[in-house]
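S.K.: Sequence first, then the predicted structure:
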Amino acid sequence: MLLTIEINGQQVSAKRGETILTVLNRIGVKVPTLCFFGSLSPTGSCRMCVVEVEGLTHLVPACSHQVEEWMQIHTHSPRVLKARKALVELLLANHPDDCLYCDRNGSCELQDLSEELQVRERRYPSSHKPVQIDKTCASIQRDPGKCVLCGRCSRVCTEIIGISAIDSVGRGSSTRIGTSYNKGLNYHACVKCGQCIMSCPTAALTERKSLPRVIEALGNPDLYPVVQFSPTVPGAIAEEFGLKSNKDIMNILRSALKKIGFRQSFDVSLASDITIMEEAALFLERWPRKTTLFTSCCPSWVRYIEVFRPEFVEYLSPVKSPQQIMGALIKQYITSSAGIKSEKVFVVSVMPCTSKKTEADVEGNGTRSVDAVITIRELVKLIRLLGIDLNNLEPEPAENAFSISSSSGRLFGVSGGHLEGLMRSIHFLNTGQELNPIKINDLRGLKPKKESRMRINKLPVNVVAVNGLANAIALMDEIAAGRDDIHIVEVMACPGGCINGGGQKIGTDEKMLKSRMKALYDIDEEEIVKVAHKNPTLNELFDKFLSKPNSERNREVLHKDRSKIISE
Amino acid sequence: MPVQDISDNKAFLTEKVIKNYSGIFDKSSLSRIASIRRDTVDRPVIYIGTGTCGIISGAKSTLDKVRKFIAENKIEASIIEVGCNGFCSAEPLLDIQLPGKTRLSFHNVTEDKAEDVLNSALHHTVQADLVLGQYRQAGLEEWPNVRLIDNLPWFSLQTRHILKNAGIISPASIEEYIVRGGYKSLYKTVLNYPADKICEIIEQSELKGRAGGGFLTGRKWKIALDTAGDQKYMICNADESDPGAFMDRAIIESDPHRVIEGLAIASYAIGASQAIIYVRSDYENPLKVLEYAIKQAREYGLIGEDIFGSGFSLSINIRRGAGAFVCGEETALITSLEGQRGLPKSKPPFPAEKGLWGQPTVINNVETLANIPGILENGPGWFKSMGTQSSKGTKLFSVAGKAASTGFIEVPMGISFSSIIYDIAGGVRDGNALKAVQLGGPSGVCIPPAELDTPLDFEALSGIGAKLGLGGLVILDDKTCMVNLTRYFIDFLQKESCGKCIPCREGTRKMLDILNGITKRPKEESAHETLERFKGVVQLENLAHVISDTSLCGLGQNAPNPVLSSLKWFREEFEEHIFDRRCPAGVCHDLRTFYIDVDPCTGCNICQKKCPENAIIGSVKMPHFIIESKCTGCGICFDVCKFSAIYFK
Amino acid sequence: MEAIFEKYSLKKPESLIPLLQEIQEANGYLTDEIVEKVSVHLNIPTNRIYGVATFYDQFRFKRRGIFHIRVCRGTSCYLCSSSSYLKEIEKLLKVQDGSVTRDKKFSLETVNCMGGCSQSPVIRINDTYYHHLSVSDLGEIIRTLREKSE
């Protein structure tokens, strides 16, 4: 039902039930927000978006107050501006003010608010006290001193991820975002997905930096630094540096990585192809007997199952994640091709993910497959540090044989992509015919849960792709309650998949997600090799370093014994 | 008195008394009622006030003493524990009713006095120094030379409807409540009226919520009644957390069934079959009283399934708060009931539309609900005839602080502050001068003597920038430092802020910082800091306005009230603190400057030894001297001096 | 404790606070292990429970002393200088508000209002109330209690 309201003297029509903020956004009036965040439920706690409504005694928050017929709203009246400024000043009075030394210098919402509202002096004396930084976790670092208690991280962790690893603790002025018993993030609940970092307006939550170690390794003449990157990296770099995300971008990235000092670069997608082949073989070995397979490429998801749902561990695919497979193969390949001792090879992963940092640390068995994991954000900082101008780089084609991957492997970057690639190969391996059409539309898009009911050899195969761990938890509840019609479940802890991973650019919005997703689908359109089983490198690989999919040799190298649950 | 079987009484009371419309009883019923009412007694009855205030004053020890005394002397007497009659400073209260005589009341009967009081009364003499008065009871022999209790200034100006049973009946006896007209209104309601009619009657009475908001109760009920919902909830808010306010506690402890009856009627009116009483966790005694009363009401079929065969069913559950001031706010109370941190939510939507579990929910406080049975018994016109244009009926106030008499009272709306302070409470204790009256709990205001003729009602109070709140009055004498008291309130509020919204969480903390700067002495004082403190006061006012303008809930919106009201009426005290660094009341320890009077000083040297700042000089057996610039005003020297040679300004 | 869990066997989130209250009454205080158990029982993440438990004054993660001293900080008691009583107790016992003495005999806590405003200042030790005391009486009271516990 439409109603008319007045905003800053202008008549505007609005729908009943809409919030003031929705209307303001539609008509292009910008009011600052802090605690309001995307799809999360508004709490109206920061009061930054307050507006004046004639006839009401108090200012009201635009984010959670609904429009009503009689409303006359002033969004930038002197009273409102004074209030907003005072709120920012209050936050600053309790903030360390070390912007010049801060990880989020230049990308901080508090900084932006302070500039926007023209805070130019310290009216309230500082009451900031140094706080212990939580460095217990290998993926995420918490600095409660910089926290403005907007509650976005805890809402993400509860509403999107479903874990509540961090939540409000205490009351009044001693309220803080904390962990159970103040024992540090690593204690047990956190799945390290890093979505909290993506939601944090300040540097209260950041990734644990591996960059210093990487820079050190790059400068160490005894080491042979090489790099592998996730299929989401080229697109993210293009986006960050304003380049076109076309075919060249991959080679521009390779060129930049070379300039940084990496001796060779590898696309992790090859390992994704291997994962597909292994899982396809594994699945077909059991099928059409009753079987359920959970994918295992997302370490946050794996961690969730291992910690919270150990009864489902047997359903997890035993195949290691592509990062770990690739790291191990790279070390073998370089040893055999360049004659360099395995321990001298320093493998760096560039990932859209914070969870991979912990994964690389934990899955070592003494010898590490991956020596350091940096997020895309860290790579961007590294490129800037070294003054590499991507706009003027000559694209450099891949030099090693490990550079060819199918577009199926690349699709791992988006939720549903792993399943799509897997189904293509399962279909071919079972029937001898390519899936037609090769695109599985049911599994595409940003929906949190995508189901596809397929038939292979006239027998049903039901697959589900879920993103956002909370949705997966709901699905687990269904399965625990007896749902048994699903054959394969693909889970990505981050909403949308790796294109929205915890290591992506801060400030990722839906528009960016859509364009990142489209970039990966476009590659699938353009690429000639669309399926893992047609990847020519794979045959060589299986001959040289491995054996037949799901063979004893492969199980030894590529599989992980899930009966031993990591206990930290 | 023949001992009656309870079930027998139960049938009599539910069938004969509650359902009797005319009020005309046969002779045997009348005598039975009289004996339950204890209009006549056949052996001595001893009443002891064992409400929380009584317990704190030592009533339990008095009770033990009385029991022992009776047993040892083999006296045939019954002992009845009652709630407080409101005159808390007279606790422990002990009443004695001898057969044929009126009930006699004694004040401050601590255990050491109990024996004498009893002994003399049982021998028909009265201990004059401890007697409070005797009750007005027609047809009984009066005690000579003992004033009537309702002629005492404390009681004579009160209009007691909610409190009419307080201190008189046993809170553990549903029978006593019923024979005094109890549960009749509930019976009338569920049998004769549709729910919307009840909402209408209450709206006609113009009863406004007694928890501060001042919204028309009947209208709130109607909204909940008219909003569709699968399961509506009626909540009684007994999370009375304003320090200095204890009326809700008192009602529950003295007359719990009045609250239960009100709650049952309210539930019926909004169409709720589930009611919850949310009781403050510290209220151990009220909790016990309520639990027992609910059990009794259930046994009597007054709550439960199909009440009076009307088809209306109601279950009442008690939930204990877990200790958070903010949970008095209705949306915070709801989140707390849902098992979460008690954080308030933005309104609208109001709970009456979307409350507990998203269902229509009405929250009324204890006093509001205690008004309901009376309104239905006597009609909305009766209720409207009391009070003022904007505020009808009576209101409970607690009188605490430095008043000569303290406790809780029930007076018609619109009575003036001065009437309560001087006529009822007997002025300020120890003959000191009145400095201000604090009204409305920690986020209330301090009203100066010049405004004491203001009538206590919703409209007149908002005229002077005050709010009625729960009705807690704290009397402040001239030894009170207004800056320090303001600091105390802000400290309380910043501790009790839920921490959700920035203005309340950070703003109250900053206000406290500024007030600390004014009331405390920093290590090194300089002109610059005076300027900073001065700026602090300017900021204090700005900040106060922003906090009240932007905070999410009532706690934050009202948090700056103590600051704003004190700055308005007691600004010169702030200025003295800031510019002269002096606390006129001598309360802010840090600001005291100490001096040594040379005459009494014997030069014992102890002050010099104890001074942590080495600010005292002087040789042994010679008068000592304090170096003002070094003195931090800690007062240790003042405490240790045996010759009263040290004084401060 | 199992019996208490039994009582709240429905996995309803609103059971959290009453359940914690009953457990604390039985156990005297809450522990990390209790929170873990409640988490499993009610299917609520531990951090949520910890957040709730730290929000309300009533819940504690420390054992109380044999003698638990409560000093009222209500307005009326504050006006009757309850803060100097608090300071004196802190000095006598060498503890801070909210903590326990090293010998575990005394614990100290301030409360908002006990409802004894006419008897200010009110101090409660276990179930005994003290009112209209003078600051100098405190030493004697504490000494007596200490002797009693030995």
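M.R.: Ah, there it is.
S.K.: Would you mind measuring from the residue of the stretch 51-200 of chain B found nearest chain A to B:Leu314?
M.R.: Distances between the stretch 51-200 of chain B and chain A by C-beta to the nearest C-beta are smallest at B:Cys199, namely 23.9 Å. C-beta coordinates here come from the backbone N, C-alpha and C atoms, glycine included. Going from B:Cys199 to B:Leu314 by C-beta to C-beta, to the nearest Å gives 17 Å.
S.K.: just A:Leu270 next, same as before
M.R.: 70 Å.
S.K.: What is the neighbour count of the residue of the stretch 401-550 of chain B found nearest chain C?
M.R.: Among the residues of the stretch 401-550 of chain B, B:Thr406 lies nearest to chain C; the distance is 4.0 Å by C-beta to the nearest C-beta. When neighbours are defined as other C-beta atoms under 10 Å in any protein chain shown, B:Thr406 has 29 of them.
S.K.: Contacts only, for it.
M.R.: Contacts of B:Thr406 were listed using C-beta atoms under 8 Å, 6 or more residues apart in numbering or on different chains, and they are B:88-89, B:399-400, B:425, C:76, C:117-118.
S.K.: what's the closest non-adjacent residue to the residue nearest to the spatial centre of chain B?
M.R.: With distances taken as C-alpha atoms, centre = their mean, B:Phe246 lies nearest the centre of chain B, 1.9 Å away. Using C-beta to C-beta, 6 or more residues apart in numbering or on different chains and skipping residues adjacent in sequence, the residue nearest B:Phe246 is C:Gly115, 4.2 Å away.
S.K.: secondary structure class for that neighbour?
M.R.: coil (DSSP: H, G, I helix; E, B strand; the rest coil).
S.K.: where does it fall, phi/psi-wise?
M.R.: With angles defined as degrees, to the nearest 10, C:Gly115 sits at phi 80, psi 20.
S.K.: What pLDDT does the model give whatever residue of chain B ends up closest to chain A?
M.R.: Closest residue of chain B to chain A, C-beta to the nearest C-beta: B:Gly499 (3.0 Å). On pLDDT, B:Gly499 comes in at 93.
S.K.: since we're on it, how many residues are nearby?
M.R.: Neighbours of B:Gly499 (other C-beta under 10 Å): 25.
S.K.: which residues sit in contact with the spatially most central residue of chain C?
M.R.: With distances taken as C-alpha atoms, centre = their mean, the residue of chain C nearest its centroid is C:Glu109 (6.1 Å). Contacts of C:Glu109 were listed using C-beta under 8 Å, 6+ apart, and they are C:68-71, C:97-98.
S.K.: let's go with 10 Å and repeat that
M.R.: C:57, C:60, C:64-65, C:68-71, C:73, C:97-100, C:124 (C-beta atoms under 10 Å, 6 or more residues apart in numbering or on different chains).
S.K.: In JSON lines, list the residues you listed along with distance to A:Ala472 and neighbour count.
M.R.: Formatted as JSON lines, the contacts of C:Glu109 follow (distance: C-beta to C-beta, whole Å; neighbours: other C-beta atoms under 10 Å in any protein chain shown):
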{"residue": "C:Asp57", "distance to A:Ala472": "38", "neighbour count": "21"}
{"residue": "C:Arg60", "distance to A:Ala472": "36", "neighbour count": "18"}
{"residue": "C:Arg64", "distance to A:Ala472": "43", "neighbour count": "17"}
{"residue": "C:Gly65", "distance to A:Ala472": "47", "neighbour count": "23"}
{"residue": "C:His68", "distance to A:Ala472": "47", "neighbour count": "15"}
{"residue": "C:Ile69", "distance to A:Ala472": "51", "neighbour count": "26"}
{"residue": "C:Arg70", "distance to A:Ala472": "48", "neighbour count": "18"}
{"residue": "C:Val71", "distance to A:Ala472": "51", "neighbour count": "25"}
{"residue": "C:Arg73", "distance to A:Ala472": "48", "neighbour count": "23"}
{"residue": "C:Asp97", "distance to A:Ala472": "46", "neighbour count": "14"}
{"residue": "C:Gly98", "distance to A:Ala472": "41", "neighbour count": "12"}
{"residue": "C:Ser99", "distance to A:Ala472": "43", "neighbour count": "16"}
{"residue": "C:Val100", "distance to A:Ala472": "44", "neighbour count": "21"}
{"residue": "C:Arg124", "distance to A:Ala472": "51", "neighbour count": "19"}
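S.K.: can you list the residues of chain C near chain A?
M.R.: C:31-32, C:35-36, C:39, C:43-57, C:61 (C-beta under 10 Å from any C-beta of the partner chain).
S.K.: Sort out for me which of these are in strands.
M.R.: If you go by DSSP state E, the residues of chain C next to chain A have nothing in strands.
S.K.: Now list the buried members of these.
M.R.: C:35, C:39, C:44-57 (16 or more other C-beta atoms under 10 Å in any protein chain shown).
S.K.: Relative to B:Leu473, which of those residues is nearest.
M.R.: Using C-beta to C-beta, C:Asp57 comes nearest to B:Leu473 of those, at 25.5 Å.
S.K.: ok, the closest residue in space to that closest one that isn't next to it in sequence - contacts?
M.R.: Sequence neighbours aside, B:Gly323 is the residue nearest to C:Asp57 in space, at 3.3 Å (criterion: C-beta to C-beta, 6+ apart). By C-beta under 10 Å, 6+ apart, the contact set of B:Gly323 is A:171, B:239, B:241, B:280-282, B:342, B:496, C:55-59, C:111-112.
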